[in-house]
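K.L.:
Below: sequence and its predicted model.
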Amino acid sequence: MGRGADGSALTAPTLIRRNSWSLDRLKSLGDVKDDILVLRHLWFGRKSGADHAARLESFYGPQAAACKLFIFVAKKATKRSRVEPALFQCADDKFRAKFLWGRRPMLAAAAARLRNRNDLIWVDMGGGTGENVDMMADYMSLHHFKAIYVVDLCHSLCEQAKLKVKAKGWKNVHVVEGDACEFRVPEGEASLITFSYSLSMIPPFHDAVDSAVSQLSADGLLGMADFYVSAKYDTPMRQMCWARRFFWRSIFDIDNIDIGPERRAYLETKLERVWEVNNEGSIPWVPYLRAPYFVWLGRPWLDVQKQLSHEQKVEAPALFPPTFLYTQSWEDPEPDMKVMRICPEDTVLTLTSGGCNALNLLLHGAGHVVSVDCNPAQSSLLELKAIAIQQLEFEDVWQMFGEGRHPRIDKIFETRLAPYLSQKAFNFWNTRLWYFKQGLYYQGGMGKLCWVLQCLAVFCGLNMPMKKLANAPTLQEQRKQWDSMALVYFIKHGPRLLVWLFSKVLALLLFNRIVLWFGGGVPAKQYALIKKDGIPIEQYLARTVDGIAENSHLRKSNYFYYNCITGHFLRDNCPSYLREENHDRLQGGLINRLTIATGFFLDELRARKYTKVCLVCGL
């Protein structure tokens, strides 16, 4: 069977050795030609016909012809009478994989909510060549589906879909050449119905939506991915300026593609929105321009009174970096817990920062925790932590936030995390997954500062002494290691004039207001308070660091500075949410008591009643 039909990845066919090189070369050289062929028919082909089916045929027919050419070449190169599944991909499919960016998020979001069910019925309206079925196999086994119907009005595309079904060996996939407005599910109702860049090409879209909704099961999902422009006055995350609305709608209108807001608006009168993302993606061979697209997932109404509110678009205040400042919360939560005496009746307001302490409040039994931050990036960090706790096993959570690295972050994000993130968090993390490849705790403002300081330590020959300091088995050993470091000895016992000059140069380069804000997250008012005490900033920091090294055991009881030195946590020296027993408690339901808000603290304080408020300035 082909890929996904038995739940396993397809094994690439073994080609005759003397032909493999020439075939690979032919494919690589042909990719550019295929893209140009598709672009020529997209931009310059004539779209004509007496009815909608004829117009679709005139639009897609020439593009589908490239598939036949590739099949012929593949047969000749391999000297076989049939096309192997791995070789079967239309030029149109390859081009659209680099253009239709919403298909995979839509399929991943649907699969994330359906993968534990069986005997599913899926109808892909306007399914074209059946490429969506092939992609769905990347997210869940096709054995979960009792039947899959690929419905399309274009004869040429249906013919290619039938060839693909045969080549892949899919026994539960059926290609139906027909109108999406008239198709009826043989089983009576469908578990999943998708419109993948197709509803914008269906003129009577009201009929298509009505027909799909009427055949959706009570626990079914309807997914839609398409290009779009917003209305003049639209929801915050969809809103566009008039120039973008005019430009993109006129461009697509040339090809009889209507990307206006009416289709999604009508869909939202029929179904409850479950998940939505609005984004933009590149176009092959077209520099600079990025086409707007959206992904939308809905279900039959469960409770009309509890509709999912539209997400607000929140920008970071002026002078904030484009990412987060803190990767961890710097406020030690244990002293607060002794004083606050958290109980299940408490509704607690706290600052988000790195999000660790908001999760700690849940573990101490708070009935509801509202975590607020004016920086959307900090909210996105905490949201990723919360979704990871909900959806992943402990070891994956530990690798992401304990080690700060995960070798499979791209796959985990696409299949397990992204389908549940808000639009804000999705857009933030979608372009920053490399954080988990280079090390999460070397990212953001404070992370970059820690990275620079580690580089300086390596340059000065202090790398190994710092590692010994962080991993000293006892506090006494740590003190001994600290006092034996040449730099520390120089600052404590060196000539006063040289120490003064050194500290002033260090303060000028690393401890100025700009570095302390963008790298250390020290607000201007906090900096002013330190200066007001009459203590030079370099002396204040030196006194703080020396006090920590002399009195706080990094290896056992100070995960804050251990993380700064090493770039990761230890399993017995980490925030409470990273302990395995606490992960199970959070995943078991405690995490559902968390509300993440983006805005100013006082605004959120006035928004509701709280029994306790946690407002801490830092260590």
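P.N.:
Received the coordinates, thanks.

K.L.:
What strands flank the longest strand along the chain, and is each parallel or antiparallel?
P.N.:
If each strand of the chain is counted by residues according to DSSP state E, the longest one is strand 286-299. Paired with strand 286-299 in the same sheet, following DSSP bridges, are strand 216-227 (antiparallel), strand 272-283 (antiparallel).

K.L.:
tell me the most buried of those?
P.N.:
Of the strands paired with strand 286-299, the one with the most neighbours on average (mean count of other C-beta atoms under 10 Å) is strand 216-227, at a mean of 22. Placement of C-beta: from N, CA and C, glycine included.

K.L.:
Show the subsequent helix or strand relative to that strand.
P.N.:
The helix or strand immediately downstream of strand 216-227 is helix 242-253, counting by DSSP states H and E.

K.L.:
From the contact counts, what lies against that next one?
P.N.:
Using 3 or more C-beta pairs under 8 Å, 6 or more residues apart in numbering; DSSP states H and E as the contact criterion, the elements in contact with helix 242-253 are strand 286-299.

K.L.:
about what we covered before: could you give the angle of the longest strand of the chain to helix 242-253?
P.N.:
90 degrees (axes from the mean of the first three to the mean of the last three C-alpha atoms, to 10 degrees).

K.L.:
for the record, mean pLDDT for strand 286-299?
P.N.:
For strand 286-299, the per-residue pLDDT values average out at 93.

K.L.:
Could you list the low-pLDDT ranges of the stretch 201-350 of the chain?
P.N.:
Judged against pLDDT under 70, the low-scoring parts of the stretch 201-350 of the chain cover residues 303-311.

K.L.:
hmm, back to that, now the longest strand of the chain: buried residues?
P.N.:
When burial is assessed from 16 or more other C-beta atoms under 10 Å, strand 286-299 yields the following buried residues: 291-299.

K.L.:
now do stretch 466-483
P.N.:
466, 468-472, 475, 478-479, 481-482.

K.L.:
Spatially, which two of these are the most separated?
P.N.:
Every pair in the buried residues of stretch 466-483 was compared (C-beta to C-beta); the two farthest apart turn out to be Met466 and Leu475, at 16.6 Å.

K.L.:
so Phe183 touches Tyr149, yeah?
P.N.:
Yes. Taking C-beta atoms under 8 Å as the contact criterion, Phe183 and Tyr149 are neighbours in contact, 7.4 Å apart.

K.L.:
Identify the contacts common to those two.
P.N.:
Overlap between the neighbourhoods of Phe183 and Tyr149 consists of 123, 176, taking contacts as C-beta atoms under 8 Å, 6 or more residues apart in numbering.

K.L.:
So if I had to pick from the two, which one is more boxed in?
P.N.:
More neighbours surround Tyr149 than the other of Phe183 and Tyr149, with 23 against 19 (other C-beta atoms under 10 Å).

K.L.:
Show me which of the buried residues of stretch 466-483 is closest to Val339.
P.N.:
Closest to Val339 out of the buried residues of stretch 466-483 is Leu475 (25.4 Å), distances taken as C-beta to C-beta.

K.L.:
Now do the contacts for the closest one.
P.N.:
With C-beta under 8 Å, 6+ apart as the criterion, the residues that contact Leu475 are 551-553.

K.L.:
would TSV of these with secondary structure be doable?
P.N.:
Supplementary listing: these in TSV, determined by DSSP: H, G, I helix; E, B strand; the rest coil:
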residue	secondary structure
Asn551	helix
Ser552	coil
His553	coil
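
K.L.:
Quick one: buried ones out of the residues you listed?
P.N.:
Among those, those classed as buried by neighbour count (16+ other C-beta under 10 Å) are 552-553.

K.L.:
In JSON lines, list the contacts of Leu475 along with pLDDT and distance to Pro335.
P.N.:
Shown next, in JSON lines, are those (pLDDT from 0 to 100; distance: C-beta to C-beta, whole Å):
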{"residue": "Asn551", "pLDDT": "93", "distance to Pro335": "15"}
{"residue": "Ser552", "pLDDT": "94", "distance to Pro335": "13"}
{"residue": "His553", "pLDDT": "95", "distance to Pro335": "17"}
